[in-house]
Every structure is written in C-alpha cells, then in structure tokens.
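[1] Have a look; sequence and predicted model below, questions after that.
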Amino acid sequence: MSAPTILLTGRNGQVGFELQRALAPLGKVVAVGTADCDLADGAALRALVQSVQPALIVNPAAYTAVDKAETDSDKARAVNAVAPGILGEEAAKLGAAVIHYSTDYVYDGRKAGPYTEADATGPQSVYGQTKLDGEQALAAATPQHVVLRTSWVVGAHGGNFAKTMLRLAGEREELKVVADQFGAPTSAALIADVTAHIAHRYLQQGATGFPFGTYHLAAEGETSWHAYAQFVIGEALRHGKALKASPDRVHPIPASAYPTPAQRPTNSRLDTARLRQTFGLHLPPWQDGVRHILQQIL
C-alpha cells in the first residue's frame with residue numbers, strides 16, 4: 001500500500017516548519033511556501049491541489065500581520081477567508097480532508113472565563129473577521145474538515161513575542177509590557193504534534209465516523225503578556241544569556257497605554273476539553289513549551 005500524500009502549505013511559518021517534521025512519518029509530505037504558490041491566487045491554489053492529488057490538506061498558511069491587515073484587508077481576506085474555501089472545494093472533489101488553523105481573535109475577548117467552541121464569536125479586527133470567514137468558507141465547502149483554533153503561538157523558527165522580548169531585554173534596561181491581556185503561549189511544536197495525532201487517526205480510520213469539526217488547541221494554563229515576558233527573560237538569564245533587563249525591570253502597563261491599529265482580545269483563553277476528550281490527548285503547561293523553545297534559540 002502506497003503512502004498517502006499530504007499537502008502542507010505555509011512551510012516557512014512557525015507552525016508549518018514544525019509540521020514538516022511531525023507529518024513526515026505519516027506519508028509523502030508536499031510542503032509549499034509563498035514562493036511555490038501564493039494563497040491569494042485562487043487559480044494557482046486550485047491547480048496546486050489538482051496536481052498534488054492529496055489525501056489530506058494541512059493549511060497553517062495565513063496572513064498574520066494583525067495590524068497591517070486593518071489597511072491591507074483585501075490581501076488578508078484573500079489568504080485568510082477565500083483560500084480555505086478553495087482548499088475545501090478542491091478537497092471535496094478528491095474525497096480528501098482539510099486540517100486548518102484559526103485563532104482566538106474570532107472572539108471579542110470579553111468573556112470572564114475560557115472560551116468554548118460553542119461560545120458566540122465576535123471578532124474585533126480585520127484579521128479576526130477574515131479568520132472567522134475562512135472557517136465558515138471551509139465548512140461550507142466540505143464537511144471533511146478540522147479547524148484548530150489556537151492562540152499566542154511561539155516557535156524556535158520565525159518571529160514571535162518571546163524572541164522580541166529577548167532582543168529588547170538585550171538592548172534596554174527596562175521594558176513595559178501589557179499586563180491586562182491573558183492567554184496561553186502555545187508552542188508550534190505542540191500544535192504540530194497534535195495535528196499529526198489527528199492526521200494519523202484520519203488516515204487510518206478514514207472519513208466514516210471521524211469527529212470532524214472545530215476544536216480549541218492551546219497549552220495548559222494561562223498568563224499575561226507581562227508575566228510571559230518576565231518568564232522568558234528569567235529563563236534566558238538562568239541559561240547564562242547576557243541581558244540588560246531583568247524580570248523585575250519588566251513593568252506592567254494596561255493595553256490602553258500601548259494602542260495598536262487592531263484591537264486585541266483581553267481574554268484569549270481557550271477551553272480545550274473537547275479536543276482532549278475526543279482525541280485522548282494531554283496538553284502540557286505552556287511553560288514546558290516555552291522552555292523547550294528557549295533551549296533551542298539560546
């Protein structure tokens with residue numbers, strides 16, 4: 001029996017980079033980046049799927065410049081909203097499934113506790129709206145889809161908050177970081193490993209009876225951006241990295257003191273019970289993933 005073909009987009013992103021490793025044991029992975037196929041080009045995207053003929057499409061590619069999306073909405077919409085629908089349509093023709101990624105930004109961030117998949121959405125930014133539109137376009141195109149909503153992604157490959165904090169702590173003696181937004185830093189490696197677990201089950205089981213749908217995927221626990229920054233700097237110092245700023249020199253500020261073009265959710269916490277129970281998974285504390293990434297980049 002020949003190995004199944006898996007089409008992977010966004011190979012150069014934080015999650016796409018890790019997915020190349022995690023999916024490799026499951027079949028032939030055809031990994032593409034923007035240079036190979038621009039997701040904003042619908043015709044090229046259709047041609048890609050038709051030429052690869054995958055059994056499974058995994059789509060971490062996205063327009064993730066949250067603030068820039070406020071003025072570059074056409075490009076954000078093409079990549080985040082239209083492309084997932086196209087992938088779903090082409091997958092349906094082949095009888096293939098799609099695993100797609102979304103975000104806590106589909107919520108308004110005003111709920112007191114963690115969001116469940118059943119909670120009402122209410123995106124507050126162009127980025128959040130286009131990601132929600134993409135979920136809906138995919139669902140309309142094919143029932144054979146899994147949407148994984150995640151938050152605060154961090155990886156050893158690519159740019160992210162942790163790397164920014166390390167750079168700034170190396171340049172400045174004091175930092176100011178938002179302290180009234182909450183979530184769970186989620187490692188790209190964890191996202192990739194969970195994806196591989198789901199993909200393996202689908203490729204073994206097939207579509208019949210498979211629990212398609214939307215799931216929340218985030219590391220266990222919660223923190224603020226401020227406490228997250230303190231953790232990253234403290235771990236780096238413990239590993240012997242020379243920094244000008246120490247954790248006690250990271251000062252908390254309200255989000256209102258750091259205005260951005262796009263509004264961020266105050267509450268990015270995601271309830272992962274449905275994912276854990278459905279797929280029999282344990283999601284480790286966010287600190288574990290961040291420590292592992294810091295060991296790699298330090």
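    All right, it came through fine.
[2] remind me which residues of the protein are low pLDDT?
    1 (pLDDT under 70).
[3] And the strands in it?
    Using DSSP state E, the strands assigned to the chain run over residues 5-8, 28-31, 56-59, 97-103, 145-150, 153-154, 175-178, 182-183, 186-187, 213-216, 223-224, 250-253.
[4] Would you mind putting these into CSV with mean neighbour count and distance to P123 alongside?
    All C-beta spots, glycine's among them, are computed from the backbone N, C-alpha and C. Listed next are the strands of the chain as CSV, based on neighbours: other Cβ atoms under 10 Å; distance: least, Cβ to Cβ, whole Å:
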stretch, mean neighbour count, distance to P123
strand 5-8, 23, 26
strand 28-31, 18, 29
strand 56-59, 27, 19
strand 97-103, 26, 9
strand 145-150, 24, 12
strand 153-154, 23, 18
strand 175-178, 19, 19
strand 182-183, 23, 16
strand 186-187, 27, 19
strand 213-216, 20, 15
strand 223-224, 18, 22
strand 250-253, 17, 25
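[5] could these go into a markdown table alongside distance to G240?
    Shown next, in a markdown table, are these (distance: least, Cβ to Cβ, whole Å):
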| stretch | distance to G240 |
| --- | --- |
| strand 5-8 | 36 |
| strand 28-31 | 35 |
| strand 56-59 | 37 |
| strand 97-103 | 35 |
| strand 145-150 | 31 |
| strand 153-154 | 21 |
| strand 175-178 | 20 |
| strand 182-183 | 29 |
| strand 186-187 | 22 |
| strand 213-216 | 36 |
| strand 223-224 | 24 |
| strand 250-253 | 19 |
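[6] So which of those is nearest F279?
    Among the strands of the chain, the nearest to F279 by Cβ to Cβ is strand 213-216 (8.2 Å).
[7] neighbouring strands for that closest one, and are they parallel or not?
    strand 145-150 (parallel) (DSSP bridges).
[8] Only alpha carbons, please: show the strand it pairs with as CSV.
    Extracted as CSV, the C-alpha positions of strand 145-150 are listed here (Å, rounded to 0.1, in the frame of the first residue of the first chain):
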residue,chain,number,x,y,z
HIS,A,145,-12.6,19.4,7.9
VAL,A,146,-10.9,20.0,11.2
VAL,A,147,-10.4,23.6,12.4
LEU,A,148,-8.0,24.1,15.2
ARG,A,149,-8.3,27.4,17.0
THR,A,150,-5.1,28.3,18.8
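[9] That strand vs strand 97-103, what angle?
    20 degrees (axes from the mean of the first three to the mean of the last three Cα atoms, to 10 degrees).
[10] ok, residues contacting strand 145-150?
    Residues outside strand 145-150 that contact it (Cβ atoms under 8 Å, 6 or more residues apart in numbering) are 88, 91, 97-104, 106, 117, 135, 138-139, 186, 191, 194-195, 198, 202, 212-218, 270, 275.
[11] Which helix in this structure has the most residues?
    helix 188-205 (DSSP state H).
[12] And the contacts of it?
    With Cβ under 8 Å, 6+ apart, helix 188-205 has contacts from 4, 6, 14-15, 17-19, 21-23, 25-27, 55-56, 58, 97, 99, 101, 146, 148, 150, 153-158, 210, 217, 219, 275, 279, 281, 283-284, 289, 292-293.
[13] before we move on, back to that, how about the strands of the chain, which one is nearest A162?
    strand 153-154 (5.2 Å).
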